[in-house]
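Novice: Curious how this folds, go ahead:
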Amino acid sequence: MGYRNKTYVIFDGDNDMWAYAYMKGWKKNENIEFDFHDAHELNTITNLSGEENTKRKLRERLSTAKQAVVLIGESTKNLYRFVRWEIEMCHSLGLPIVAVNLNKKRRYDPDLCPPILRNADAVHVSFNAKIIKHALDDFCGNYGKFKGASDNWYYKSGVYEGLGL
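Specialist: Numbering: from 1, shown residues only. So this is what the prediction gives:
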């Protein structure tokens, strides 16, 4: 099951920390079936860390991950220093990516998606614990079937309906 693997979460730390906090809350909530092994728990990065030191620590976190979640908010596509770099690292490591639209769109959103994720073998889902968990299990767990097709994958409405969404 994909959610049992270490998951690296990429997000806009200035504007979308709330979404990452929700994910951590879902994980702790006994009434929500959602779990992931957070690669961010590996080491601490402070605001005093320089860019190279920060990237070194992020690289350590990424090296332990088996999959990535990119939380896509209003400004994510404009972030190059770390967000783009983290996505590039995921590509170079061959990690499957679940692109999560914080605006609740259920497929690729050309207005908000970072250009590096366009046609990049990522599955695009809405921000909801059930569909994210499903994507971690299904897409990431079967990534070999999708890898190399260079597409913007998404789940049809029937999958959402089957999950009660």
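
Novice: okay, CA-based contacts and neighbour counts for the rest of this
Specialist: Fine.

Novice: Count residues in the vicinity of residue 92, would you?
Specialist: Other residues near residue 92 number 9, with proximity taken as other Cα atoms under 10 Å.

Novice: and it, that one's in a helix?
Specialist: Yes - secondary structure assignment (DSSP: H, G, I helix; E, B strand; the rest coil) places residue 92 inside a helix.

Novice: tell me the centre residue of the chain?
Specialist: For the chain, residue 69 is the residue whose C-alpha lies nearest the centre (Cα atoms, centre = their mean; 0.9 Å).

Novice: Let me see the ranges of the strands in this protein.
Specialist: Using DSSP state E, the strands found in the chain span residues 6-10, 37-38, 67-72, 97-101, 122-126, 152-154.

Novice: Could you save those strands as CSV and add columns showing distance to residue 115 and mean pLDDT?
Specialist: Shown next, in CSV, are the strands of the chain (distance: least, Cα to Cα, whole Å; pLDDT from 0 to 100):
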stretch, distance to residue 115, mean pLDDT
strand 6-10, 15, 87
strand 37-38, 25, 61
strand 67-72, 12, 94
strand 97-101, 12, 97
strand 122-126, 12, 96
strand 152-154, 12, 92
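
Novice: re the thing from before, thought the residue nearest to the centre of the chain was touching residue 102?
Specialist: No - taking contact to mean Cα atoms under 8 Å, the distance of 11.9 Å between residue 69 and residue 102 leaves them out of contact.

Novice: contacting residues around residue 20?
Specialist: When the contact criterion is Cα atoms under 8 Å, 6 or more residues apart in numbering, the partners of residue 20 are 9, 11, 71.
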